[in-house]
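Colleague: let's see this in three dimensions:
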Amino acid sequence: MAATARAVTVIQPTVIHRIPFSAENRTARKRVAAYARVSTDNEEQLSSYEAQVDYYTRYIHDNEEWDFVEIYTDEGISATNTKKRDGFKRMIADALAGKIDLILTKSVSRFARNTVDTLTTVRKLKEKGVEVYFEKENIYTLDSKGELLITIMSSLAQEESRSISENVTWGQRKRFSDGKVSLPYKHFLGYEKGEDGLPKIVEAEAQTVRLIYKLFMEGKTPSGIAKHLTKSGVPTPSGKSNWPSSTVESILTNEKYKGDAVLQKTFTVDFLTKKMKVNEGEVPQYYVTNSHPAIISPELFDLVQNEMKRRKSTAGHQSGTGCFSSKIICGECGGVYGSKVWHSTSKYRRTIWQCNNKFKNAEPCKTPHLYESTLKQAFVNAFNSLIQNKSEILDGYDTIIQSLTDNTALDAESAALQEECDVVMELIRKCVDENAHSAIDQSDYQQRYTPLIERYETAKGKFEAVNEQRQERTVKREKMAGFIQTLKKSATLLTEFDEELWYATVDRIIVQSEHEITFQFKDGTELPWII
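Modeller: As a prediction, the model looks like this:
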């Protein structure tokens, strides 16, 4: 049986599709836009940016077959991703909405340096019949070869971005290793960039920094300081009116205010997303001493760090909302007194203080509540007694301070332990290096390595303990000296409660009974008092 001949019937299309604009099809009148972008905001790049805008505006207007839509722009934006490029995103939205037929741009690298972003965007536009023309590479995206060329070119652009990012990172780390300090000046209180490129003190802002440290050492918490600054109308580092407590705490713990700098606290994980990570040992850090002028003395900075550590280790909540907060202690259970308002809506309104644990235990504390007015008057009377006996108190006080806070022996011990750590660390380094470059029995290696590590950890532990003692004595000396300085300046008896004097002199009050309290002053002395 003869084979049946194969027949093919052509079914003509019934729907006329829009013919995409391409290199071969440029006769119809088109709505044309352009995209211009520079990745930095320096003067040279801004000139390039302005030139791009001017060039494409004239270029589109000069073509009689094109209708000018708009020049979409992004200034000072990196192209490695499209998350923050508002001009770019608005242009794409307009194109997908049917307002644009053709987009002109200088090059693939101006459009995006991320291959995924480039291809995704181009394909979205292609589905809507919108063409992109990359002038430098002479690529029309609706050409048959367009996508292949774009893939190749954008991949090259992405590698260029990686190379630039690595070069920038290398440059930053080289500056760090050379001890060159740079600050985020727009969001950093107290400093501006000086003519030599180093941080320069802005005195008006430095006064706020010093006030923050002063208020903290007087007993206020970061949240209490934040409320005070907000109420006083002091602007934050970024120029806002509301101070968060985290900003205050950041200022209190930033070593740059004492003239030193820890460099590379964070580093970039991904050059495309610009994601930053806290440096937990993945890359080197550098500590630069005396890198720039100090606003706060190193001694005061260390005092603040010590006080922060003390407050965190102290049981109970540390409050800084009032001058008596966290400073009145129950002599029976050791709890902190808190404030309560009686008759808050009447003319008999009074603030009282009582132990926060009074009714929490099986047996209520027998210590009484105290009126705030009583506490204030007790301080006035107690401090006046110090003034009246000032000559006796001050007599020989310098000798007492010296004997109680002398660090001579501890300084020598600290230096010896530091030398021991350095020697052992060098022995460890040599041991590891020898194991890496020579064929050594690993059991023998461990017998040498392990004792060295133990020796180092022991020396390091002793070094830290000695430095802790040195710091405690330094804190004690500063508190005693501050107390004596305040007493020397106080020449007249108090007639009313002085909150600043209270903060400067009193560490806390211990409540024993309804009529007996004890003032503990910042120099360590105790003064029993009858109320």
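
Colleague: so where's the stretch 301-450 of the chain shaky on pLDDT?
Modeller: Low-confidence segments of the stretch 301-450 of the chain (pLDDT under 70): 314-321.

Colleague: what about the strands in it?
Modeller: For the stretch 301-450 of the chain, the strands defined by DSSP state E, counting those that start in this stretch cover 328-330, 337-342, 350-355, 370-371.

Colleague: the closest residue to K376 other than its chain neighbours - how many residues pack around it?
Modeller: In space, not counting the residues next to it along the chain, K376 is nearest to F497; the distance is 3.8 Å by Cβ to Cβ, 6 or more residues apart in numbering. For every residue, glycine as well, the C-beta is placed using N, CA and C. Residues lying near F497 (other Cβ atoms under 10 Å) number 17.

Colleague: returning to that earlier point: A36 is nearest to which of the strands of the stretch 301-450 of the chain?
Modeller: Among the strands of the stretch 301-450 of the chain, strand 337-342 comes nearest to A36, with 61.8 Å by Cβ to Cβ.

Colleague: which elements pack onto the closest one?
Modeller: Judged by 3 or more Cβ pairs under 8 Å, 6 or more residues apart in numbering; DSSP states H and E, strand 337-342 is in contact with strand 328-330, strand 350-355.

Colleague: a markdown table for these, including distance to A504 and mean neighbour count?
Modeller: Listed next are these as a markdown table, based on distance: least, Cβ to Cβ, whole Å; neighbours: other Cβ atoms under 10 Å:
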| stretch | distance to A504 | mean neighbour count |
| --- | --- | --- |
| strand 328-330 | 17 | 21 |
| strand 350-355 | 21 | 19 |
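
Colleague: which among the ones you listed is found nearest to E526?
Modeller: The closest of those to E526 is strand 328-330. By Cβ to Cβ, the value is 12.4 Å.

Colleague: so how far is the closest one off the chain centroid?
Modeller: 35 Å (Cα atoms, centre = their mean, to the nearest Å).

Colleague: does the residue nearest to I296 when sequence neighbours are not counted count as helix, strand or coil?
Modeller: Ranked by Cβ to Cβ, 6+ apart and with sequence neighbours excluded, the top spatial neighbour of I296 is Y257, at 4.6 Å. Secondary structure, DSSP: H, G, I helix; E, B strand; the rest coil: Y257 is helix.

Colleague: just so I know, which of the helices and strands packed on strand 337-342 lies nearest E131?
Modeller: E131 lies closest to strand 350-355 among these, at 75.0 Å (Cβ to Cβ).

Colleague: ok, the residue nearest to K376 - contacts?
Modeller: 376-377, 379-380 (Cβ atoms under 8 Å, 6 or more residues apart in numbering).

Colleague: SS state for it?
Modeller: coil.

Colleague: from T492, how far out is the residue nearest to I296?
Modeller: 35 Å (Cβ to Cβ, to the nearest Å).

Colleague: ok, these two, which is more surrounded?
Modeller: Y257 (26 against 7).

Colleague: so that one sits against F301, correct?
Modeller: Yes: between Y257 and F301 there is a contact at 6.6 Å, judged by Cβ atoms under 8 Å.

Colleague: residues shared between the contacts of the two?
Modeller: Common neighbours of Y257 and F301 (criterion: Cβ under 8 Å, 6+ apart): Y213.

Colleague: on that earlier part again, same list (the strands of the stretch 301-450 of the chain) but as a markdown table, adding distance to T118.
Modeller: Output for the strands of the stretch 301-450 of the chain, formatted as a markdown table (distance: least, Cβ to Cβ, whole Å):
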| stretch | distance to T118 |
| --- | --- |
| strand 328-330 | 66 |
| strand 337-342 | 62 |
| strand 350-355 | 67 |
| strand 370-371 | 72 |
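
Colleague: I'd like to know which of those strands is closest to N138.
Modeller: Going by Cβ to Cβ, the one of these nearest N138 is strand 337-342, 76.4 Å.

Colleague: so what are the sheet partners of the closest one and their directions?
Modeller: Neighbouring strands of strand 337-342 in its sheet, by DSSP bridges, are strand 350-355 (antiparallel).
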